[in-house]
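>>> coordinates only, sequence not included:
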């Protein structure tokens, strides 16, 4: 298994995810979390690295709030789209690195905050990736880690009655244009890897804790603003947060 990058899939990703409620929910939960979990707004601007920045939504959000953002993205198409987004917002990044995660420690820089959203599940060795992410943090630095939740994928298959698929453990995405990751992440394994890497989890939220389970008919009838409001309301509920299609963890380097 090789790492997967999103070359020539930027428009497909934008259309499938960010043009509809799925992307809006994801951005709403992530930015709400960052707003609450980051240091107070009047503190010194942070040095931030956005790993696998994709189309640059979170990079732009952070740059607009005065933080010094370095954008890292191995796909030339996605990096170009991220650069365009930040330039159009009038908040260009401090640097743009066309590099995969594994090559970032060799740049010799450490950061107050590292963003790594929807990356681990596309890598051949996510455990080693977590150690690389820790090395990019200053002591006491923070890691915003969002990952595709294996438990949610299992539950989705259960309610669809796809029992044989589960028995065969056929959970990985297939094809070059599919957006189901090749390695959905087991939260318990990730917690173990994080502890071994010297990372302490301080906060967590679920992303899309109910929307992905709604029948399509009801999804179409629901108003996007109402869905986002309820997703935010239930994203940290102890019964529903673990069902999020993605989980967002806030980790600190010990």
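Structure's in. What do you need? Here the structure is a predicted model, which is why all the values come from computation and not from measurement.

>>> quick one, what contacts residue 79?
Counting by C-beta atoms under 8 Å, 6 or more residues apart in numbering, residue 79 touches 53, 71, 73, 96, 98. Using the backbone N, CA and C atoms, a C-beta is placed for each residue, glycine as well.

>>> ok, now how distant is the closest residue to the third one other than its chain neighbours from residue 100?
With sequence-adjacent residues excluded and distances taken as C-beta to C-beta, 6 or more residues apart in numbering, residue 73 is closest to residue 79, at 4.1 Å. Distance from residue 79 to residue 100, counting by C-beta to C-beta, to the nearest Å: 12 Å.

>>> and if you look at residue 239?
Using C-beta to C-beta, residue 239 is found at 37 Å from residue 100.

>>> circling back to that earlier point, ok, of the contacts of residue 79, which one's closest to residue 21?
Using C-beta to C-beta, residue 53 is the member of the contacts of residue 79 that sits closest to residue 21, with 22.0 Å.

>>> Kindly provide the distance from the closest one to residue 190.
Distance, residue 53 to residue 190, by C-beta to C-beta: 21 Å.

>>> before we move on, what about residue 59?
Relative to residue 190, and taking C-beta to C-beta, residue 59 is found at 23 Å.

>>> Any regions of the protein where pLDDT drops low?
Along the chain, the parts satisfying pLDDT under 70 run over 1-17, 40-43, 173-179.

>>> just to revisit the earlier point, neighbour count: residue 53 and residue 190, which is higher?
Using other C-beta atoms under 10 Å, the more surrounded residue of residue 53 and residue 190 is residue 53, with 31 against 23.

>>> In three-state terms, how would that one be classified?
The three-state label given to residue 53 by DSSP: H, G, I helix; E, B strand; the rest coil is coil.

>>> burial count for residue 217?
A count of nearby residues for residue 217, using other C-beta under 10 Å, gives 8.

>>> Give the phi and psi angles for it, as a check.
Dihedral angles phi and psi of residue 217 (degrees, to the nearest 10) take the values phi -60, psi -40.

>>> go on, residue 28?
Here residue 28 shows phi and psi, under degrees, to the nearest 10, equal to phi -60, psi -50.

>>> From residue 91, how far off is it?
Computed as C-beta to C-beta, the residue 28 to residue 91 distance reads 20 Å.

>>> Please, where are all the strands along the stretch 101-250 of the chain?
Assigned by DSSP state E, counting those that start in this stretch, the strands in the stretch 101-250 of the chain fall at 111-117, 137-148, 199-207, 246-253.

>>> any idea how far the residue of the chain most remote from its centre lies from residue 212?
Most distant residue from the mean C-alpha position of the chain: residue 164, 29.4 Å away (C-alpha atoms, centre = their mean). Distance, residue 164 to residue 212, by C-beta to C-beta: 21 Å.

>>> Then residue 169?
In terms of C-beta to C-beta, residue 169 sits 21 Å off from residue 212.

>>> what about the two, which has more around it?
Remark: of residue 169 and residue 212, residue 212 carries more neighbours, 19 against 8, as counted by other C-beta under 10 Å.
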